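Trainee: Give me a model of this one.
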Amino acid sequence: MRRNQSETAEDIQKKITLVALAETPGFILVGLGIYAKFATNGDAFHPLLNDPDVVNIMLGVGIGIMAVCAFTILRLSAKRSKSLKQSKD
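Mentor: Coordinates of the predicted model:
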């Protein structure tokens, strides 16, 4: 029974890793959005980063992706913690 529960904890850890990787596009969008918003003054390396509407959409989508992934990671972490606690008992 203990082995089955530890495999569950390992599976949950793998899911956490995958969600963390899925969060990468959100970080990239937010990073480019902040760069375009505060550092470029209309002279970005790509013309789309000079458009304020595109930058605002990038920030919104990026923050949304990051929020969903953070919530998912918190939920999975709590589930993993519960699984590890049960395996100790």
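Trainee: Name the nearest residue to Ala9, sequence neighbours excluded.
Mentor: Spatial nearest neighbour of Ala9, excluding adjacent residues (C-beta to C-beta, 6 or more residues apart in numbering): Ser83 at 4.7 Å. Just so you know, the C-beta spots here come from the backbone N, C-alpha and C atoms, and that holds for glycine as well.
Trainee: Whichever strand or helix holds the one you found - contacts with which helices or strands?
Mentor: Assessed by DSSP states H and E, Ser83 sits inside helix 52-88. Helix 52-88 sits against helix 2-22, helix 24-38, with contacts defined as 3 or more C-beta pairs under 8 Å, 6 or more residues apart in numbering; DSSP states H and E.
Trainee: Can you add distance to Met58 and mean neighbour count and give those helices back as JSON lines?
Mentor: Converted to JSON lines, the helices and strands packed on helix 52-88 look like this (distance: least, C-beta to C-beta, whole Å; neighbours: other C-beta atoms under 10 Å):
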{"stretch": "helix 2-22", "distance to Met58": "17", "mean neighbour count": "13"}
{"stretch": "helix 24-38", "distance to Met58": "4", "mean neighbour count": "16"}
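Trainee: sorry, back to before: buried residues in the helix holding Ser83, which are they?
Mentor: Residues 54-55, 58-59, 62, 65-66, 69, 72-73, 76, 80, 83, 87 are the ones in helix 52-88 that count as buried (16 or more other C-beta atoms under 10 Å).
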